[in-house]
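Colleague: Whatever this is, show me its structure:
(2 chains)
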Amino acid sequence: MIRNLILLFFFLNSTVCLSQVDLNLILNHKFNGDPFLYSQNYQDENGNAINISRLQYYISSIEITHDSGINTPLSSVYVLANGNVTNYFLGQYSIYNIEKLEFDLGVDYDANHGNSSNYSSQHPLGPQSPLMDWGWPAGYFFLVIDGTIDDNGDGVPNKAFQLRSLGDIMLQDVNYLTNSYESINNIINLSLDVNIDRWLSGIDLINAGIDHSSSSTNLNMCNNTVTNQVFEANDLSSLDIQQNLIDITTDYNVSYSPTINYKLNNNIDFTLSIYNSSGQIVLQSQNIGFEGNYFIRKELKSGVYFVFFNGGKYTYKHKFIIN
Amino acid sequence: MNFNSFIFILIFSLFSSFKIFESHIPSHFPEPYIPESNQLTIERIKLGKKLFFDPILSRDSTISCSTCHNPNYAFSDRKIKAIGKNGTILERNTPTLTNVAYNKYFMLDGVNPTLENQALVPFHEKNEFDLHILIASDRISNNADYVKLSNLAYGTNPNPKVITSAIASYQRTLISGKSKYDQYLNKEIELNETEMKGKNLFYNELHCASCHNGFNFTNYSLTNNGLYKFYPDSGRIRLTGKNSDRAIFKVPTLRNIDVTHPYMHDGSINTLEEVILHYMSGGNKHENKHEIIQPFQLNNEEIYSLVSFLKTLTDSTFLQNH
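Modeller: Numbering: from 1, shown residues only, chains lettered A, B, ... in the order given. Predicted structure coming up:
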């Protein structure tokens, strides 16, 4: 009897201790099954060359079912996902084995009718660059896919489209992910494939144009999230494919102060330095990690600029121009 | 002290000291809604006023809020459509800020929930300020005056929240309630016979007051008054996707209406006489046109009377005092 009690004590104790894990969301962006890069062209479902220059979306109202049916909502967590960023830390939780993952694409009604200036710029709902909130209706873009598409068969994608979905009706409940994820070394990686091409299925990209609204085009794109199962549980092995694909691009949405999208060698911490064409340093920022979106946040004069990423034995150079 | 109006003395506690703000809210006006999180203080209003008139907030430092919301025209601009950065023509007519503290939603299609939110719009628009709010706040942070004012007003250095909150605070003080018609209501003066005839048409004979009613001459609803059969500007449907939201616009206040021409969301009507001709025609057929908008007849004298009444809604102290 006493022995059983002691065992029970240890059992309870161990579940409590064991269960503080780092919960990470891993988003493997893919296009037609290939790793997604901003700097690469793909083919849309009609065979037209396509380039995506910006992919951003919100994930919120995350709910995790774990350890035989316990439900843990991560209600204060908002993820702003970006096409070139794979790793998102969700926090530490008392979880051992995840049975179901549910979340919304977009943000809840209250947040969507709040005010971005009430949050710091570090918060996903705070002022972002490029902007994720839109002043006119005071709401957030739930899903943004900007890019160019070949409209004349020359294989060059040069017709621009901007699909930026606004409005509460865009919200999508992703509730079909029932794969299990286990804690390994107190880390759980919720690894998902994000199939960008499925969002664009059935969308007339050649005629989409600039669309920042609740249009039926944007609604169809958002609805594809669930109907086409854009998010799929990942078998982890395909993670390797994404390793060491370097992707550095400039986002000119704020033309005088661009954002540099970067994806560099996994797990190396880089330093970013920007020089003007006379070789003077404009700014430097340390510990920027190996993937992210760096908003320069300076009113740059027109001219040519060079970005250097230095990390260990690796150095990458990237050029951008302010007109 | 004007015995016809209350002077609300509002006492606010801030940084453990007390600030006093006197607001002249006319006695026949309700108290405006002021959010808990952004109570009015003299410092906040002062900071907001400075920002409102300062072109530092626009990318090329050429325009401020007051470029389009000109106090002399009751905070509108006498342009068909507003003129933005580099002379670009914007999509809509600039609305007046008369009594904007009482609005329940913002933008002409009513899609924006608060004055604090609305203050972000010109920053985002490429043809308006076109300045990222973080860069705007960095600019202000480099100005010692603003840093001081911001700390007095909100107890912190400038940031996006300070900017939007202060601009909202200033706008909440734009109260207009001393027009000729208000003086008549307060039994200080009489309206002449023509104005009285116009008043009777407005309130009793015609349908005007079923939408333009209350102390601020609006029931704050969104509707369609039959301006067009096909609207180039589809309004609220852009956000909601609902057909019932196509081309419905805010019922605007008619206070200071004589100075805020041209009229309607697109500035397409130049004079008050033409507005009345529009309503007399019953407007254009539109699926969302309010059913009360039906044709009616007025002779020239009646049109003149109705216009004369609308002109009694001009508050000259409001136009001069800001």
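
Colleague: which residues does the closest residue to A:Leu105 other than its chain neighbours contact?
Modeller: Sequence neighbours aside, A:Gln172 is the residue nearest to A:Leu105 in space, at 4.1 Å (criterion: C-beta to C-beta, 6 or more residues apart in numbering or on different chains). C-betas here are computed from N, CA, C, even on glycine. If a contact means C-beta atoms under 8 Å, 6 or more residues apart in numbering or on different chains, then A:Gln172 has A:Asp104, A:Leu105, A:Gly106, A:Phe142, A:Cys222, A:Asn223, A:Thr225, A:Val226 as its contacts.

Colleague: Using JSON lines, lay out these together with secondary structure.
Modeller: Listed next are the contacts of A:Gln172 as JSON lines, based on DSSP: H, G, I helix; E, B strand; the rest coil:
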{"residue": "A:Asp104", "secondary structure": "strand"}
{"residue": "A:Leu105", "secondary structure": "strand"}
{"residue": "A:Gly106", "secondary structure": "coil"}
{"residue": "A:Phe142", "secondary structure": "strand"}
{"residue": "A:Cys222", "secondary structure": "helix"}
{"residue": "A:Asn223", "secondary structure": "helix"}
{"residue": "A:Thr225", "secondary structure": "helix"}
{"residue": "A:Val226", "secondary structure": "helix"}
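
Colleague: Which parts of chain A belong to which domain?
Modeller: A:23-237, A:246-322 (automatic domain parsing).

Colleague: Tell me which of those domains is the most buried.
Modeller: domain A:23-237 (a mean of 19; mean count of other C-beta atoms under 10 Å in any protein chain shown).

Colleague: Nearest to B:Pro32, out of the domains of chain A?
Modeller: With C-beta to C-beta as the criterion, B:Pro32 lies closest to domain A:23-237 of those, at 18.9 Å.

Colleague: Look up how far chain B lies from A:Asn112.
Modeller: 10 Å (C-beta to the nearest C-beta, to the nearest Å).

Colleague: now the contacts of A:Gln172 as JSON lines including pLDDT?
Modeller: Putting the contacts of A:Gln172 into JSON lines (pLDDT from 0 to 100) gives the following:
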{"residue": "A:Asp104", "pLDDT": "98"}
{"residue": "A:Leu105", "pLDDT": "98"}
{"residue": "A:Gly106", "pLDDT": "98"}
{"residue": "A:Phe142", "pLDDT": "98"}
{"residue": "A:Cys222", "pLDDT": "98"}
{"residue": "A:Asn223", "pLDDT": "98"}
{"residue": "A:Thr225", "pLDDT": "98"}
{"residue": "A:Val226", "pLDDT": "97"}
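
Colleague: any idea which of those is closest to B:Asn112?
Modeller: Nearest to B:Asn112 among the contacts of A:Gln172, counting by C-beta to C-beta, is A:Phe142 at 17.7 Å.

Colleague: excluding its backbone neighbours, what's nearest the residue positioned nearest the centre of chain B?
Modeller: The centre of chain B sits closest to B:Leu97, judged by C-alpha atoms, centre = their mean, with a distance of 2.6 Å. In space, B:Leu97 comes closest to B:Phe75 once its chain neighbours are excluded; the distance is 3.6 Å by C-beta to C-beta, 6+ apart.

Colleague: before we move on, back to that, B:Glu273 is nearest to which of the domains of chain A?
Modeller: Judged by C-beta to C-beta, the one of those that comes nearest to B:Glu273 is domain A:23-237, at 32.6 Å.

Colleague: B:Asp138 in helix, strand or coil?
Modeller: Using three-state DSSP, the secondary structure recorded for B:Asp138 is helix.

Colleague: Next, count neighbours for it.
Modeller: 15 (other C-beta atoms under 10 Å in any protein chain shown).

Colleague: check contacts around it.
Modeller: A:Arg297.

Colleague: Which pLDDT value goes with it?
Modeller: Listed pLDDT for B:Asp138 reads 97.
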